[in-house]
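1. Fold the following and give me the result.
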Amino acid sequence: MTRSFGRTRPLPADVEEATASDAPRVGSTNRVSRVASDLDRPAARFRPRRGLRLAMSLALLMVAATACDVPNFGFPDGVTDQSLRILNLWQGSTIAALAVGVFTWGLIFYAIIVFRKKSDELPRQVRYNLPVEVLYTVVPLVIVAGLFYYTARDEVDVDKLPANPDVTVNVIGFRWNWQFRYLDTGRNGTTPVEVTGQPGQPAVLVLPQGRTIRFVETSPDVIHSFWVPDFLFKRDVIPGRINQFQVTINKTGTFVGRCAELCGVDHDRMNFYVKVIPGDEYDRYIAERERPATVTAAGAAGATGATGATTQTSAATTTRGSGQ
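-> Purely as a prediction, here's the structure:
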């Protein structure tokens, strides 16, 4: 025996010796019949494998056919006009991940059961299988391309900013609380309305139902993230950059909001509430807090014994804490 490039290469004498040893012997079974029986053995072994594959395919088909109601996989139903699109994207990506996971685990358990060691005889060795290689190259590309397409399509729709929103709110995230300024107020000589959270008193952002609302986000210090789980949407609040998004809330109620970006020692306390009320009630809420700017002359000469006047101008109507 000689070696070539690290592999053992038999000599002609070794081949002749092996051929002679394979000749039929006296009192032994014909080797041709044994070879034929060995060739028949793999075909019989593969029959149950085909049945197992067919059973798995039928099971997956039955599950897909009977799945009438797709679960949310931990997501809430959502309360905005964008919620359904975002929820469908989440459900589709989760189902795709589950399908890939079930298929992968199925192959693992299939190999464990079918190809478990039964004797010291080595199984038939296969080096290349072109269909399988094409399959595990093309299928991941198709999955990634599909996820990219639907994500890009929904992202373009969610990021649209139609002109002339009904309500515009400036969201200011600071360490470690929130301030909400209603940018539509403070016109025609009235004072702007804003709500600022205090330690132990989360701010309550009151919004109308069924109206377009644009959020304009800013931060004076570090990165925060404006997240209302029931909106199925969050967007970072970044210093030196203005981020915007727009939604229409379809349901009334009070929904919790959080900071979804680790921003410091009291990050876990950066909570707030979004209270959605009917449109007429929202108009009354704003009208009660949007008071005209007043100039008051203080001090009377006869009462205080002093002359002069002090001018006091209210710059804003600021609601502390809950804003209620």
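
2. does the residue nearest to D184 when sequence neighbours are not counted count as helix, strand or coil?
-> The spatially closest residue to D184, leaving aside those adjacent along the chain, is T168, at 5.6 Å (CB to CB, 6 or more residues apart in numbering). For glycine as for every other residue, the C-beta is placed from the backbone atoms N, C-alpha and C. Following DSSP: H, G, I helix; E, B strand; the rest coil, T168 is assigned to strand.

3. who are the neighbours in contact with T168?
-> Taking CB atoms under 8 Å, 6 or more residues apart in numbering, we find T168 in contact with 182-184, 213-214, 216.

4. Give the bridge partners for it, please.
-> R214 (DSSP bridges).

5. where does the stretch 51-200 of the chain dip in pLDDT?
-> 51-68 (pLDDT under 70).

6. Strands of that one, start to end?
-> For the stretch 51-200 of the chain, the strands defined by DSSP state E, counting those that start in this stretch occupy 167-174, 177-182, 193-196.

7. For the shortest one, enumerate the helices and strands it packs against.
-> Packed against strand 193-196 by the contact rule (3 or more CB pairs under 8 Å, 6 or more residues apart in numbering; DSSP states H and E) you find strand 177-182, strand 204-208, strand 317-320.

8. So which of the ones you listed is nearest D81?
-> For the helices and strands packed on strand 193-196, the distance to D81 is smallest for strand 204-208, at 13.5 Å, taking CB to CB.

9. Send me that closest one as PDB with only the CA atoms.
-> Taking Å, rounded to 0.1, in the frame of the first residue of the first chain, the C-alpha atoms of strand 204-208 are listed here in PDB:
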ATOM      1  CA  VAL A 204     -51.400  60.900  31.400                       C
ATOM      2  CA  LEU A 205     -51.600  61.700  27.700                       C
ATOM      3  CA  VAL A 206     -55.200  62.400  26.700                       C
ATOM      4  CA  LEU A 207     -56.100  61.700  23.100                       C
ATOM      5  CA  PRO A 208     -59.300  61.700  21.000                       C
END
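
10. So if we follow the domain assignment, how does the chain break up?
-> Domain assignment of the chain by automatic domain parsing yields the ranges 41-116+128-160, 167-290+316-320.

11. Those domains: which one's closest to L122?
-> Nearest of those to L122, taken as CB to CB: domain 41-116+128-160 at 11.3 Å.

12. if I look at the residue nearest to T94 when sequence neighbours are not counted, how far off is V100?
-> Residue nearest to T94 in three dimensions, not counting chain neighbours: F73, with 4.7 Å by CB to CB, 6+ apart. F73 sits 15 Å away from V100, taking CB to CB, to the nearest Å as the criterion.

13. Would you map the helices across the protein?
-> Secondary structure of the chain (DSSP state H): helices at 12-21, 31-66, 83-114, 130-158, 279-289, 301-304.

14. could you check the angle helix 130-158 makes with the third one?
-> Right, the one you point to is helix 83-114. Helix 83-114 runs at 160 degrees relative to helix 130-158, counting by axes from the mean of the first three to the mean of the last three CA atoms, to 10 degrees.

15. Check which residues of helix 83-114 are buried.
-> 83, 85-87, 89, 93-94 (16 or more other CB atoms under 10 Å).
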